[in-house]
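Undergrad: Sequence plus predicted model, see below.
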Amino acid sequence: MDVATAIDRSGDGDGIEPIAIVGMAARLPGAADVNEFWRNLVDGVESVTELSREEQLTRGATVEEVDDPGWVNRAPLIDGYDEFDAALFGMTDREAAMTDPQHRLFLESCHTALEDAGYDPSRYDGAVGVYAGTGGNTYLHRYVLRNKRVGGNPHSAVSIAAGNSPNYVATTVSYRLDLRGPSLTVHTACSTSLVAFHLACEALRNGECDMALAGGVNVELPHVGYLGMDGFTSPDGRCRPFEAGANGTVWGSGVGVTLLKRLSDAIADGDPIRAVVLGNAINNDGAGKVGFTAPSVDGQMEAVAQAVAMARVDPRTVSYIEAHGTGTAMGDPIEVAALSAVYGSETDDRGWCGIGSVKSNIGHLSQPSGIVSVIKTVLAMEHGLIPPTINYETPNPAIDFADTPFYVANTLTKWDTDGGPRRAGVSSFGIGGTNAHVVLEQAPAAYRSARRVRPAQLLHVSAK
């Protein structure tokens with residue numbers, strides 16, 4: 001499908017059901033929650049931890065790794081991934097110890113996202129779905145199976161699998177929080193969580209559930225540096241989206257979750273609406289590219305065009321794009337070319353839309369990277385500020401920004417519009433070719449979350 005065909009389809013029918021984002025939660029490098037994440041973004045903080053050789057050996061790196069000349073002694077790490085309130089979720093300490101930190105973090109973050117929206121699942125009559133993706137189960141092989149008291153006990157096999165297999169990251173949440181909607185795990189590499197977000201939106205529109213949790217999690221274990229490979233992983237531990245000096249991405253750890261609801265229901269129920277999803281689409285590149293791991297202009301362009309067509313908005317009214325933006329010399333120009341083909345298709349204007357990537361701040365979190373991009377964009381809409389994409393000075397020579405709709409938002413910028421609502425696009429692409437794009441809009445003025453702020457605040461404690 002070409003761009004014109006996809007956008008032309010937007011003239012037919014009455015449109016699709018908008019989806020409200022009513023709750024959010026995140027644990028990210030340098031940020032224990034969404035509010036701290038926003039402060040770091042506004043301040044242009046690069047949340048990458050410097051590690052000594054001794055620290056990395058203590059954390060589980062090998063001597064061969066840390067003494068390799070290409071080893072990078074820094075990475076975007078998260079604090080407290082090994083801490084967990086087992087009793088709050090009806091688990092014993094032994095169960096928690098056998099459970100992958102990724103599962104624990106995702107469960108905690110789903111609980112937080114529900115609280116953010118003001119929902120107690122035990123008192124909610126509707127069906128709540130869960131759509132999630134997780135990184136690999138390194139914890140199982142490095143820690144659980146090496147514990148002879150656990151891994152050597154055949155009676156523990158089912159419990160070990162339930163606590164560690166990616167199959168159960170979503171269903172664990174459904175069980176522990178007593179949620180009755182669809183519950184499924186998604187695996188599309190780096191685009192996983194935005195694909196989960198897309199599936200949750202479609203499930204809500206199809207009436208399969210009344211609310212849906214969507215997100216992803218990844219914890220790199222051991223929590224140490226990595227081997228730099230110029231062009232793929234940055235040899236200096238710095239991610240530089242769209243920059244001439246971009247030399248690879250930086251893998252990191254984190255978790256992000258959103259709580260979604262049909263907009264009409266959110267308004268009727270008086271929910272705090274943080275943003276609205278107008279359009280969302282996913283596809284795959286197929287074989288039309290140089291290799292399995294390579295990105296594709298055509299595949300990305302078609303996914304973006306489908307999401308914009310579904311949103312039924314003039315692309316010229318979208319004033320910010322949160323890009324996938326891995327900071328690779330090949331990937332960034334392909335992404336900008338695909339975005340330009342869609343967002344610049346109906347105007348000769350240039351340089352009117354900001355573009356940025358949160359990976360410059362926190363690295364590439366793999367599976368949760370897409371949902372974290374959504375959370376960043378929602379926060380920017382709420383505050384009316386576009387945070388800076390750091391580590392950018394000179395554009396990638398393969399990107400002629402002067403001939404595109406975009407400028408790199410590398411300074412803190414007030415997000416003004418021509419009187420309409422703030423609108424943004426968010427992209428996420430995965431190795432293997434599964435692409436995702438969503439179009440977001442600022443919450444309707446009368447229903448924004450800020451109107452729910454009251455002078456009295458709840459004091460939260462960890463208890464049933």
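TA: Perfect, I can see it now.
Undergrad: use CA for all of it now, contacts and neighbours both
TA: OK.
Undergrad: State the phi and psi torsions of the residue nearest in space to the middle of the chain.
TA: With distances taken as Cα atoms, centre = their mean, the residue of the chain nearest its centroid is residue 371 (2.1 Å). Backbone torsions of residue 371, given as degrees, to the nearest 10, read phi -70, psi -30.
Undergrad: Quick check: it touching residue 197?
TA: Yes: Residue 371 lies in contact with residue 197 (Cα atoms under 8 Å); the separation is 7.4 Å.
Undergrad: which neighbours do those two share?
TA: The contact sets of residue 371 and residue 197 overlap at residue 215 (Cα atoms under 8 Å, 6 or more residues apart in numbering).
Undergrad: Below-threshold pLDDT in the stretch 1-150 of the chain: ranges please.
TA: Applying pLDDT under 70 to the stretch 1-150 of the chain flags the ranges 1-14, 148-150.
Undergrad: which residues of it fall in helices?
TA: In the stretch 1-150 of the chain, the helices defined using DSSP state H, counting those that start in this stretch lie at 3-8, 34-43, 53-59, 63-66, 93-98, 101-117, 138-139, 148-151.
Undergrad: what separates residue 261 from residue 214, distance-wise?
TA: The gap separating residue 261 from residue 214 is 11 Å, by Cα to Cα, to the nearest Å.
Undergrad: next one: residue 363
TA: Per Cα to Cα, residue 363 is found 21 Å from residue 214.
Undergrad: Residue 377 now?
TA: 16 Å.
Undergrad: One more: residue 61?
TA: Residue 61 is 32 Å from residue 214, where distance means Cα to Cα.
Undergrad: So for the two, which residue has more residues nearby?
TA: Neighbour count, other Cα atoms under 10 Å: between residue 61 and residue 214, residue 214 has more, with 29 against 19.
Undergrad: Can you name the residues that contact the closest residue to that one other than its chain neighbours?
TA: Distance criterion Cα to Cα, 6 or more residues apart in numbering; nearest residue to residue 214, sequence neighbours excluded, is residue 131 at 4.7 Å. Contacts were defined as Cα under 8 Å, 6+ apart; by that measure residue 131 touches 170, 182-186, 196-197, 199-200, 212-215.
Undergrad: Considering those, which possesses the most neighbours?
TA: Neighbour max across the contacts of residue 131 (other Cα under 10 Å) = residue 215, 36 neighbours.
Undergrad: host element of it?
TA: strand 211-218 (DSSP states H and E).
Undergrad: Can you name the next helix or strand after that strand?
TA: Using DSSP H and E, the helix or strand that follows strand 211-218 in sequence is strand 226-227.
Undergrad: other SSEs contacting that following strand?
TA: Here strand 226-227 touches strand 71-72, going by 3 or more Cα pairs under 8 Å, 6 or more residues apart in numbering; DSSP states H and E.
Undergrad: what's the strand it packs on in contact with?
TA: For strand 71-72, contacts defined as Cα under 8 Å, 6+ apart pick out 65, 225, 226, 227, 228, 235, 236, 237.
Undergrad: in a helix, that's where residue 299 is, yeah?
TA: Yes: counting by DSSP: H, G, I helix; E, B strand; the rest coil, residue 299 falls inside a helix.
Undergrad: returning to what we had before: the residue nearest to residue 214 bridge partners, please.
TA: Counting by DSSP bridges, residue 131 forms beta bridges with residue 184, residue 214.
Undergrad: and it, how far is that from residue 374?
TA: Taken as Cα to Cα, the span from residue 131 to residue 374 is 15 Å.
Undergrad: Tell me which stretches of the stretch 351-464 of the chain form strands.
TA: 353-356, 385-386, 406-408, 413-414, 423-429, 434-442 (DSSP state E, counting those that start in this stretch).
Undergrad: avg pLDDT for the longest one?
TA: The pLDDT scores in strand 434-442 average 98.
Undergrad: Given that strand, what are its sheet partners and their directions?
TA: For strand 434-442, pairing defined by DSSP bridges yields strand 275-284 (antiparallel), strand 423-429 (antiparallel).
Undergrad: repeat for the third one
TA: According to DSSP bridges, strand 406-408 forms sheet pairs with strand 353-356 (parallel).
Undergrad: Show me how far the partner strand is from its chain's centre.
TA: Here the centre of strand 353-356 is set off from its chain's centre by 18 Å, with Cα atoms, centre = their mean, to the nearest Å.
Undergrad: try stretch 75-92
TA: Centre-to-centre, stretch 75-92 and its host chain are 20 Å apart (Cα atoms, centre = their mean).
Undergrad: Just give me the neighbour total for residue 54.
TA: Counted with other Cα under 10 Å, residues neighbouring residue 54 total 11.
Undergrad: how about the helices in the stretch 151-300 of the chain?
TA: Shown for the stretch 151-300 of the chain, the helices assigned by DSSP H, counting those that start in this stretch span residues 157-164, 169-177, 192-205, 263-268, 297-311.
Undergrad: Can you point out the buried residues in the first one?
TA: Residues of helix 157-164 classed as buried by neighbour count (16 or more other Cα atoms under 10 Å): 160, 161, 162, 163, 164.
Undergrad: and residue 26, what does it touch?
TA: 32, 33, 34, 109, 254, 255, 256, 257, 372.
Undergrad: One more: residue 101?
TA: 81, 82, 139, 219.
Undergrad: between these, which is closest to residue 272?
TA: Closest to residue 272 out of these is residue 81 (28.9 Å), distances taken as Cα to Cα.
Undergrad: gap between the closest residue to the closest one other than its chain neighbours and residue 272?
TA: Using Cα to Cα, 6+ apart and skipping residues adjacent in sequence, the residue nearest residue 81 is residue 101, 6.2 Å away. Using Cα to Cα, we find residue 101 at a distance of 30 Å from residue 272.
Undergrad: Then residue 202?
TA: Residue 202 is 21 Å from residue 272, by Cα to Cα.
Undergrad: Ramachandran coordinates for the closest residue to residue 328 other than its chain neighbours?
TA: Once flanking residues are discounted, residue 328 sits nearest to residue 248: 4.7 Å by Cα to Cα, 6+ apart. Here is the backbone geometry of residue 248 (degrees, to the nearest 10): phi 130, psi 160.
Undergrad: Pretty sure residue 248 sits against residue 233.
TA: Yes: with contact defined as Cα under 8 Å, residue 248 counts as touching residue 233 (4.3 Å).
Undergrad: how close does residue 82 get to residue 62?
TA: From residue 82 over to residue 62 the distance is 21 Å, taken as Cα to Cα.
Undergrad: what's the answer for residue 326, then?
TA: Computed as Cα to Cα, the residue 326 to residue 62 distance reads 28 Å.
Undergrad: How about residue 288?
TA: Taking Cα to Cα as the measure, residue 288 falls 40 Å from residue 62.
Undergrad: What of residue 268?
TA: Distance of residue 268 to residue 62, computed by Cα to Cα: 56 Å.
Undergrad: repeat for residue 191
TA: With distances taken as Cα to Cα, residue 191 is found 30 Å from residue 62.
Undergrad: Which one's more surrounded, those two?
TA: Between residue 191 and residue 62, counted using other Cα under 10 Å, the more crowded position is residue 191 (31 against 12).
Undergrad: Kindly state the pLDDT recorded for that one?
TA: For residue 191, the pLDDT comes out at 98.
Undergrad: Could you tell me which residues make contact with it?
TA: Counted by Cα under 8 Å, 6+ apart, residue 191 has contacts 366, 367, 368, 369, 370, 428, 429, 430, 434, 435, 436.
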